[in-house]
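Novice: Pasting a predicted model and its sequence here:
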Protein chains: 2
Amino acid sequence: MLEHPPLYPLNSWQIIEDQFILDNILQNETIFALGNGYLGIRATFEEGLPGKVNGTMDGIYINGFYESVPIPHAEKGYGYAINTQTMLNVTDSKIIELYLEGERFSMDSGTVINYKRILDMKKGFMTREVTWRSPRGRDVEIKIQRLVSFNSCHLIAFKYEVRPLNFSGPITIRSGLNGDVDNNIHEEEDPRFTARLKGLGLEVTDLSVEGTHAVISQKTKRSGLYLACSMENHLCGKGLAGIEREQKDDQAAIRFRIEGRRQKKITFEKYAAYYTSLDEPVEKLSQLALETVTEAKNKGFQELLKDQKEFFREYWENAGLNLSGDLRAEQGLRFNLFHLMQGACTKGGTGISAKGLTSEGYDGHYFWDTEIYMVPFFSALFPDLARKLLEFRYSILDYARSRARDLSHYRGALYPWRTIAGEEGSSYYPASTAQYHINAAIAYAISKYIEVTGDFSFMLDCGAEIIFETARLWEDLGAYIPSKGNLFCYNEVTGPDEYTALVSNNCYTNLMARWHLNYAHQTARLLKKEHPETYRRLVEKLDLKEAEVEDWQIAAEAVYIPYDDNLKVHPQDDSFFDKELWDFSTTPPGQYPLLLFYHPLVIYRYQVCKQPDVILAQLLLGDDFTLEQKQRNYQYYEPITTHDSSLSPSIFSIAASELGYSEDAYRFFTMAARLDLDNIFRDTYYGVHMANMAGSWLSLAQGFAGMRTAGKNLRFKPYLPHNLQSYRFRVAYQGSRLEIAVTKHRVTYTLLKGESVEFKHAEESVSLASGESASYKLEKQ
Amino acid sequence: MLEHPPLYPLNSWQIIEDQFILDNILQNETIFALGNGYLGIRATFEEGLPGKVNGTMDGIYINGFYESVPIPHAEKGYGYAINTQTMLNVTDSKIIELYLEGERFSMDSGTVINYKRILDMKKGFMTREVTWRSPRGRDVEIKIQRLVSFNSCHLIAFKYEVRPLNFSGPITIRSGLNGDVDNNIHEEEDPRFTARLKGLGLEVTDLSVEGTHAVISQKTKRSGLYLACSMENHLCGKGLAGIEREQKDDQAAIRFRIEGRRQKKITFEKYAAYYTSLDEPVEKLSQLALETVTEAKNKGFQELLKDQKEFFREYWENAGLNLSGDLRAEQGLRFNLFHLMQGACTKGGTGISAKGLTSEGYDGHYFWDTEIYMVPFFSALFPDLARKLLEFRYSILDYARSRARDLSHYRGALYPWRTIAGEEGSSYYPASTAQYHINAAIAYAISKYIEVTGDFSFMLDCGAEIIFETARLWEDLGAYIPSKGNLFCYNEVTGPDEYTALVSNNCYTNLMARWHLNYAHQTARLLKKEHPETYRRLVEKLDLKEAEVEDWQIAAEAVYIPYDDNLKVHPQDDSFFDKELWDFSTTPPGQYPLLLFYHPLVIYRYQVCKQPDVILAQLLLGDDFTLEQKQRNYQYYEPITTHDSSLSPSIFSIAASELGYSEDAYRFFTMAARLDLDNIFRDTYYGVHMANMAGSWLSLAQGFAGMRTAGKNLRFKPYLPHNLQSYRFRVAYQGSRLEIAVTKHRVTYTLLKGESVEFKHAEESVSLASGESASYKLEKQ
């Protein structure tokens, strides 16, 4: 692993860019992106960068708002996904241009005398301060604050302050909306980005400019979705010399002419709002959008900022996150938590895109890592959000049923490997559709969500139906194979590790399938006994037979788990140990990630892993392994894992923590904590890595603090990595909130909220009443 | 297997269409297609079918003349093929329109009173006879003869006769060239046809019409190829009332106005010729094309037809093919031999497309089946052609070297799975690039070609270099695997059977690799000893080390051959017997071929084969199996093979013959013999199945007659299937020609040409001098 120097000054609560370097803009557009889970905006400049058309990646995204795009299969196959859904770059509402006596302000002309951009994670907004000298020598101080509101999820707000330093004269602020937008990435050489057709742009159906506001109504070309985007503008104080309105086919703008006076600050506020037909009836969208910006204008930027600060105050209080002794890790982890919150929609109805709303990377698709990495994080920090994510999966269950039919399963459901609205959007099936384990990921996340929150109502409302339908697929997919002692096998599947594909008996898949079949059987038995009405309803709706439920258990008991008696290691799949070891000694450092430098036929031929597979199984299903097996597996797989996937370091960190490999644990934790901030994967420009961000927190909670849930049991087994002086975090658990504070010699558990809580510290049972603390001496690491 | 009634009257030497049915036109366009291996023309009508624009598939193709088309990978991967080559539908030169007092003749208007189309396989031309009544009641008799010349490979000739039956009046014949052409199939739902971009049409660079001739010069948009297409026209006898010339951007036409008289026959001849920049310098093309048609016109249609008959007389004499007792099989086999000759270019420089020149199916690509199915056929019938096919492979060796680098092999060569000019054009690598066995197919074909022809000069000129370079790939691809007893294994490959992909130790692949490594080693040793100069030249050119040559043998000896000791059957690959058996009992008959009705993930999960794999290995490498193993393998694999590939029936027929399963042998032979003629695969409209056509002959020669070569040994072990009264065929062998004639009780071998020949009849040694015969009693079957 290479050492990655920090790209930003270390700071507990802020990300600071203190020098304007044109080459860094793409990376910074992601790092400083703002969002609220519903709406996201990349940190491109309000005034644009006229000289750098191809170097910047403007993007405003609405979670779940997509275009449907035919997949251009070079060679078609039966059951291949036909369309994919692409998150759209929507109406550009951030436009604020500044003209100083006719000279247009731009970061790539004139001279940037002073520059600073601050992402304030504590308060949830961004500030940009620039002192700029125009080509003709006009000096001006500009300060721009921007926020994407958590109070009103449809809203973006800007506060724009200008102070002419060495001149008086006419200043124009031009505030605009632009409906002529398109996605940025259409067809890249990088295989991680799917090839796309050009011309994803929205069509403008209506546009109006009036007073100081404007609204553009747009619709997608194929997916039948509509949106309205409005803006309202306000010049604070006096000095307004005139207003001019512009209206083109797809653009609206308002020019504010101001009598600028030397050293006199001009304050301008802009509000933009988005509504889509996913939220409200089409005919109401523009009206709602206008109402929202009018309301915001009446409230004013300062008040909105106050609300925002309050939201984040509570968020950070709930998180209670502190690391002392490693500011770099603390900053990274906070940055990750900040972006996690920005990517998750409190409104519900959607998933979380792999890149949040920081870019259109991976087409804005939702993957299995939502369930395996992000749901556990939100369950502990923001349980309502975790429920909403799982409810979203319930909302697309019919698509999953239909996908199972595409694959000739006459019943059951198979969740799409990647999707926005429910349709499978994968184009390379060996590393997508073949990853049947997504079904188990969803069932597993439901079980863990219920364990952590105690919210069994979710099981009754949605969970059981998902679990039964997806279990059916496992039952139909597997087969009793004579040559494997008539055990129940899964052939032609792909596990989490994407450097191996289309294998038999992927250990992770088989373990998860076994767990899933068992859980489905237990859930059916439990419902039948304790919630007979719900059970009856489901039996009827799903045409569920008693024999089928029994078959789940029979199959589960018979699932074949590959194990190598000589190595005493779990092979990743039937063929894994029959492959040659990858020769890392002859692989140049510049040839990672391997998938960008080797044909899949080459990679698949070797024992080499992109990410945890068996190691993930032994984390999720710890009781299925002995400690010795876990150790041997770790020692076998870690050296052959490239960590080319951002899903890798956090899981290896947790696994290393559990096994006492604290050096490894901290090294992987740091990598996870700083992955985007230090641009370790060299692709942060393309959006943050949401699952890794959640994983970095799991490395702390499940790794350092050894947090686990099982049934109704909560357990901790904390240690203090020697790089830290102390750490602290808080978790929600069954309606309570618990703080875990670890110092050099002690751990202190405090029940911050809730009547009482019971859990285990290592093997010791602990019971805390409201407000109570318990403190334990730590074993030496 | 369903029974397929014959679609055409049974006839020894002709294919006859005696009723015009619009729905059959696509099928008949293929069946009646003409070609000479350089040039091919689908049997669409000269006058077009104006009312049936989408139902007909006009096509004139030049072997090796292609456009380069980017492959639209939905998700790109390192080393994926970037462009594919598509055989182009070129300038339409067949246009002859007929106007009877202004009424245009068309098969889909008016009334077809009489109709007959005959493909004369004995003489190599086609006749269409029509008695037609125009919508306004004009009756006319039309007779059109068409041939694609074997004497002058650039030439197509038409003889067009018209007799007005019940009217006198002006008749116009419009003869045209149309440069506004495009390929027919762009993006089909059927995965066997690759998706393609629209707009493959050629650009017109020059066009002229003069006297009775015209020429169009065209070029491709991307591949940089040029062609010229000319026509010359001749109205025989008197009656010409005038000539008008038409010239548009991309079309040239000449109208012949004729004073038609009741019952008086008008005879018109048309000649068209094509030259491309693959043959001649660009600046000479149009001149050469014009010269060719002028010469043809001077010669006249009758003379051309005479040459054609002479060519085919010799062809059929060399083939000496007779089957008595089953006219259907005889007709089918002759039809196959006819199309094989039509698809192979005597000029050299190209391969044979999977569909010959009868359609643009599979983009006109060359595959491995050229070597495994067609080269053995041509070696025995037309050895010069076999050599030309192998020389073509030598000509693209540099592409194969480059492809090996794409796949991270630092030396050696990997032949493209599908190509026209040498570049790999596959889009779905699991069933293409992963089929490394194409390397062995080429080496194997070289070895067999030399065995049969005795032409060791090919080895010195081309063969050894191919064999060494491709052997290097086997050496680099394999690995000594500890878990397999340190044997040499091939992981992540696909064998011939495409219902399984990306497996380890595909039995066919490993056996062929072993053979190939051994053969390369032996060849190196032989050359070093007996052709030291050639060897030195190769050692230098290829930087071949002695140790490397030794490694080939060491690896060959260590190749792992999968074998199941319990079943005593060779598993198709390491995982094959660990899969569930496909349930044929629940597969509806309409759901074949499986690949059109099931996702690859479903098919790959089961023991089900599209075509022979182990069974092909035991045919090609018979000595590697005991008779009992062959029997058990046959009994295991035949029931699980769907024969969804046209490469299947002929091989199963030979295997069945060898094992004495004469019922199966004959059933599969019939299927192979009649596959296109009876449209058994329901896709003959899309072109004939060239490899199967060769395979059907192999079913006779290698199957019924048990012909094998090994080193310098030739052997027969004939039997007479009970459906036949006798059969006869001739083979070229080391410069001689031998006839094998089998009747109910006897086989008679006659040396028709050559000094002497030695071979074995069963275990008996036979030696024949020139003109001699030997006759043996047949064992009872």
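Specialist: Received, thanks.

Novice: residues of stretch A:57-76 that come out buried?
Specialist: A:57-69, A:71-76 (16 or more other Cβ atoms under 10 Å in any protein chain shown). All C-beta spots, glycine's among them, are computed from the backbone N, C-alpha and C.

Novice: Leaving out the residues flanking it, which one is nearest to the residue sitting nearest the centre point of chain A?
Specialist: When Cα atoms, centre = their mean is applied to chain A, the residue found nearest the centroid is A:Met690 (3.2 Å). Spatially, and ignoring its direct neighbours in sequence, A:Met690 is nearest to A:Gly356 (5.0 Å; Cβ to Cβ, 6 or more residues apart in numbering or on different chains).

Novice: and that neighbour, how many neighbours?
Specialist: When neighbours are defined as other Cβ atoms under 10 Å in any protein chain shown, A:Gly356 has 27 of them.

Novice: Would you confirm that it contacts A:Cys345?
Specialist: No. Contact between A:Gly356 and A:Cys345 fails when scored by Cβ atoms under 8 Å: they sit 10.2 Å apart.

Novice: Please identify which residue in the stretch 501-650 of chain A comes closest to chain B.
Specialist: A:His599 (3.3 Å; Cβ to the nearest Cβ).

Novice: ok, and the closest non-adjacent residue to that residue?
Specialist: Per Cβ to Cβ, 6+ apart, closest to A:His599 is B:Gly79, 3.3 Å.

Novice: pLDDT score assigned to that neighbour?
Specialist: According to the prediction, B:Gly79 has pLDDT 96.

Novice: got a list of what it touches?
Specialist: A:598-599, A:601-602, B:406-408 (Cβ atoms under 8 Å, 6 or more residues apart in numbering or on different chains).

Novice: The longest helix anywhere in chain A: which residues count as buried?
Specialist: The longest helix of chain A (DSSP state H) is helix A:507-530. Neighbour-count burial for helix A:507-530, counted by 16+ other Cβ under 10 Å, picks out A:507-524, A:527-528.

Novice: so how far is it from its chain's centroid?
Specialist: Relative to its chain's centre, helix A:507-530 lies at 28 Å (Cα atoms, centre = their mean, to the nearest Å).

Novice: Please name every helix or strand in contact with it.
Specialist: Judged by 3 or more Cβ pairs under 8 Å, 6 or more residues apart in numbering or on different chains; DSSP states H and E, helix A:507-530 is in contact with helix A:437-453, helix A:464-477, helix A:532-542, helix A:546-558, helix A:614-620.

Novice: Include mean pLDDT, mean neighbour count and distance to B:Asp683 when you put the ones you listed into TSV, please.
Specialist: Shown next, in TSV, are the helices and strands packed on helix A:507-530 (pLDDT from 0 to 100; neighbours: other Cβ atoms under 10 Å in any protein chain shown; distance: least, Cβ to Cβ, whole Å):
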stretch	mean pLDDT	mean neighbour count	distance to B:Asp683
helix A:437-453	98	25	36
helix A:464-477	98	25	32
helix A:532-542	98	14	41
helix A:546-558	98	17	40
helix A:614-620	98	25	45
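
Novice: what about the closest residue to A:Ser775 other than its chain neighbours, how many neighbours?
Specialist: Closest residue to A:Ser775 apart from its sequence neighbours, by Cβ to Cβ, 6+ apart: A:Thr748 at 4.4 Å. By other Cβ under 10 Å, the residues close to A:Thr748 number 14.

Novice: Let me know which of the helices and strands packed on helix A:507-530 is the nearest to B:Gln251.
Specialist: helix A:437-453 (56.2 Å; Cβ to Cβ).

Novice: which is the next helix or strand following the closest one?
Specialist: Moving toward the C-terminus from helix A:437-453, the next helix or strand (DSSP states H and E) is helix A:456-458.

Novice: So which elements touch that next one?
Specialist: Judged by 3+ Cβ pairs under 8 Å, 6+ apart, helix A:456-458 is in contact with helix A:383-395, helix A:437-453.

Novice: Can you say which of the ones you listed is nearest to chain B?
Specialist: Nearest of the helices and strands packed on helix A:456-458 (Cβ to the nearest Cβ): helix A:437-453, 13.6 Å.

Novice: beta partners for A:Met87?
Specialist: Counting by DSSP bridges, A:Met87 is bridged to A:Tyr66.

Novice: That one and A:Gly422, how far apart?
Specialist: Separation of A:Met87 from A:Gly422 (Cβ to Cβ, to the nearest Å): 14 Å.

Novice: still on that earlier bit, pLDDT score assigned to the residue nearest to A:Ser775?
Specialist: With respect to pLDDT, A:Thr748 scores 98.

Novice: who touches it in this structure?
Specialist: By Cβ under 8 Å, 6+ apart, the neighbours of A:Thr748 are A:739-742, A:773-776.

Novice: Name only those of those residues that count as buried.
Specialist: With neighbours counted by 16+ other Cβ under 10 Å, these contain buried members at A:739-742, A:776.

Novice: which one among the residues you listed gets closest to B:Asp676?
Specialist: When these are compared for distance to B:Asp676 (Cβ to Cβ), A:Ile740 wins out at 74.8 Å.

Novice: Roughly how far does that closest one sit from A:Pro718?
Specialist: 7 Å.

Novice: so what sits against both of those two?
Specialist: Common neighbours of A:Ile740 and A:Pro718 (Cβ under 8 Å, 6+ apart) are A:705, A:747.

Novice: Name the nearest residue to the closest residue to chain B within the stretch 201-350 of chain A, ignoring sequence neighbours.
Specialist: Going by Cβ to the nearest Cβ, chain B is nearest to A:Arg222 of the stretch 201-350 of chain A, at 16.8 Å. Spatial nearest neighbour of A:Arg222, excluding adjacent residues (Cβ to Cβ, 6+ apart): A:Ser68 at 4.8 Å.

Novice: The one you found belongs to a helix?
Specialist: No. Per DSSP: H, G, I helix; E, B strand; the rest coil, A:Ser68 lies outside any helix segment and is strand.

Novice: correct me, but it touches A:Leu88?
Specialist: No. In this structure, A:Ser68 is not within contact of A:Leu88 by Cβ under 8 Å, at 10.6 Å.

Novice: What residues are bridge-paired with A:Leu581?
Specialist: With DSSP bridges as the rule, A:Leu581 is bridged to A:Gln607.

Novice: Can you get me a residue count around it?
Specialist: Neighbours around A:Leu581, by other Cβ under 10 Å: 12.

Novice: same question, the one 3 residues further on
Specialist: Residues contacting A:Phe584 under the criterion other Cβ under 10 Å number 11.

Novice: Give the buried residues for the host helix or strand of A:Ala252.
Specialist: Using DSSP H and E, the element containing A:Ala252 is strand A:251-260. Across strand A:251-260, burial judged by 16+ other Cβ under 10 Å covers A:251-258, A:260.

Novice: Thank you, goodbye.
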